[in-house]
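Peer 1: Quick one: sequence plus predicted model below, questions after.
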Amino acid sequence: MREIAMPAAAAAILERLEGAGHEAWAVGGCVRDSLLGLVPKDWDLCTSARPEEMERAFSGWQVIPTGLRHGTLTVRLEGQNWEVTTYRTDGTYTDCRHPDGVSFVREVEEDLSRRDFTVNAMAWHPRRGLLDPMGGQADLEKRVLRCVGDPARRFGEDALRILRGVRFAACYRLSPAPETAAAIHGQRELLRRVAPERCCAELRRLLCAPAEGLEPVLREFWDVLTILPGLDCLGEMPGYDQANPHHHLDLRGHTIRAVVSVPAKEALRLAALLHDSGKPACRTVDEEGVAHFYGHAKESARRAEAALRRLRCENALRRRVVELVELHDLWVPPTLPSARRWLGRLGEQGLRDLLALERGDTLAHAPACRPPRLERLDRWEALLERVLEERDCLSLRDLAVNGNDLLALGYPPGPDLGAALGFLLGEVVEGRLENRRDSLLAALEARRSR
Ligand code: ATP
Ligand code: MG
């Protein structure tokens, strides 16, 4: 078995609890990640101690009573927060979301049996080693994702587990066991009862999975995505024939290729997922039987906006995604003035993201039409580097004169002054004027006397 490197603070917390006569383990994601050779994001600890017993055991330590009613206490140690939770089982579920209540139990095995997947239901202790009654380690080795207990029942208790399952499968390249996979498909409608923001958080993590894990999972569980708030538009994609020589894949196949061909960043992956969602609504067919989708970027942006609002996605991310979707099909020619203009409009990161989306989209097109498009993107990227390196003037802020200079020249405050600055910026961006105070002021004088 792999060595598990537990942080000293976590070990100290276990020691403290056990010194006070209780039992304590590290549990869940940290054990799974350690066995996979990954560095856990956080260490969840669990214990036989009841909340009030925990408080006593930690007296003199800095603790935050995070969720004492549910048995959770946060210990501050070595500048970090450590969550410790009393062994518990969930009561009955009547709403597919929340247990009606939790009850504390004395046996760690009972706590493990309430957990969602076998790979998440292992405990570990520095002296006692691995505790794995559900066979999570064997499943990890076989790379199988398996529910603890009856999958249909477990998804019926908490439907978010369906989406968590899809996410774990993609992030860790696990194949859902047949009964687990069948229940993911069969129970997917239950996701409609889950709070949109919880779905959104899972979707974002799912989409940021490594490409090799994500691609097969998106193919196998596309039907699950179509249940999520606002994502019903994805339901039209499977089998949708783009009937255009630029495309060798159906709309879903193209979308999946685009998603896994952009870097694993939330805005890019979401934009790729939705970039062509408006195509079916924009289809026209010419005399030769070739389909066209004029205006689809705008329609896709509209759908992306609606979907991300329904998912209660935060505003900043929604705006970035919608902007990327709206611009993805513009194919602006790579020239120095347009590089300056678009850098000024989108900022460096925004433009880099747009080019990355266009590249991902291109890689999902028929092989024959890729080379000229990729070459255009290479030229764009070279221009972008050049403009950044030369610190070209990109916006009014970079202009060598400002409003005060113009006021001093006798421009009245108001729209004329704004228009004059806009004129100067345009001339500089287009390369017709140097961004120097004297040449700018001279150009203004000339313009005024015209
Ligand atoms: P990550 O933090 O990478 O998402 P994780 O496994 O640590 O992975 P958490 O959401 O932090 O996931 O949950 C910690 C543990 O709690 C899980 O490993 C699992 O054992 C259990 N768990 C979390 N959510 C559920 C759920 N909805 N149903 C059953 N068990 C759950
Ligand atoms: Mg965790």
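Peer 2: Sure, I can see it. The structure presented is a predicted model; accordingly, all values stated were derived computationally and were not measured. Numbering: from 1, shown residues only. Ligands and ions are numbered 1, 2, ... in the order given.

Peer 1: Which helix or which strand is home to Val428?
Peer 2: According to DSSP states H and E, Val428 maps onto helix 415-429.

Peer 1: so after that helix, what's the next helix or strand?
Peer 2: Immediately after helix 415-429, counting by DSSP H and E, sits helix 437-449.

Peer 1: For that following helix, buried residues please.
Peer 2: If you call a residue buried by 16 or more other C-beta atoms under 10 Å, then helix 437-449 has these buried ones: 439-441, 443-444. No exception for glycine: its C-beta is placed from N, CA and C like everyone else's.

Peer 1: do the same with stretch 332-342
Peer 2: 334, 337, 339-342.

Peer 1: tell me the two of the buried residues of helix 437-449 that are most distant?
Peer 2: Within the buried residues of helix 437-449, Ser439 and Leu444 form the most distant pair, 9.8 Å apart (C-beta to C-beta).

Peer 1: export the buried residues of helix 437-449 to TSV and tack on pLDDT and distance to ligand 1?
Peer 2: Below are the buried residues of helix 437-449 laid out as TSV (pLDDT from 0 to 100; distance: C-beta to the nearest ligand atom, whole Å):
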residue	pLDDT	distance to ligand 1
Ser439	88	57
Leu440	88	55
Leu441	87	59
Ala443	88	58
Leu444	84	59
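
Peer 1: Looking at those, spot the one nearest Glu326.
Peer 2: Nearest to Glu326 among the buried residues of helix 437-449, with distances taken as C-beta to C-beta, is Leu440, at 33.0 Å.

Peer 1: Next, count neighbours for the residue lying closest to that closest one once chain neighbours are set aside.
Peer 2: Leaving aside its sequence neighbours, Leu440 sits nearest to Val401 (C-beta to C-beta, 6 or more residues apart in numbering; 4.9 Å). Val401: 22 surrounding residues under other C-beta atoms under 10 Å.

Peer 1: What strand or helix carries Val401?
Peer 2: Counting by DSSP H and E, Val401 is found in no helix or strand.

Peer 1: and Trp124, which of the three is it?
Peer 2: strand (DSSP: H, G, I helix; E, B strand; the rest coil).

Peer 1: quick one: contacts for it?
Peer 2: 4, 6, 25-27, 30-31, 34, 130-131 (C-beta atoms under 8 Å, 6 or more residues apart in numbering).

Peer 1: In the stretch 1-150 of the chain, which residue sits nearest ligand 1?
Peer 2: Relative to ligand 1, the nearest point of the stretch 1-150 of the chain is Gly29 (2.2 Å; C-beta to the nearest ligand atom).

Peer 1: what's near enough to touch that residue?
Peer 2: With C-beta under 8 Å, 6+ apart, Gly29 has these contacts: 40-42, 44, 120.

Peer 1: before we move on, what about Asn402?
Peer 2: Asn402 touches 396, 421, counting by C-beta under 8 Å, 6+ apart.

Peer 1: Helix, strand or coil: sort out Pro372 for me.
Peer 2: Per three-state DSSP, Pro372 ends up helix.
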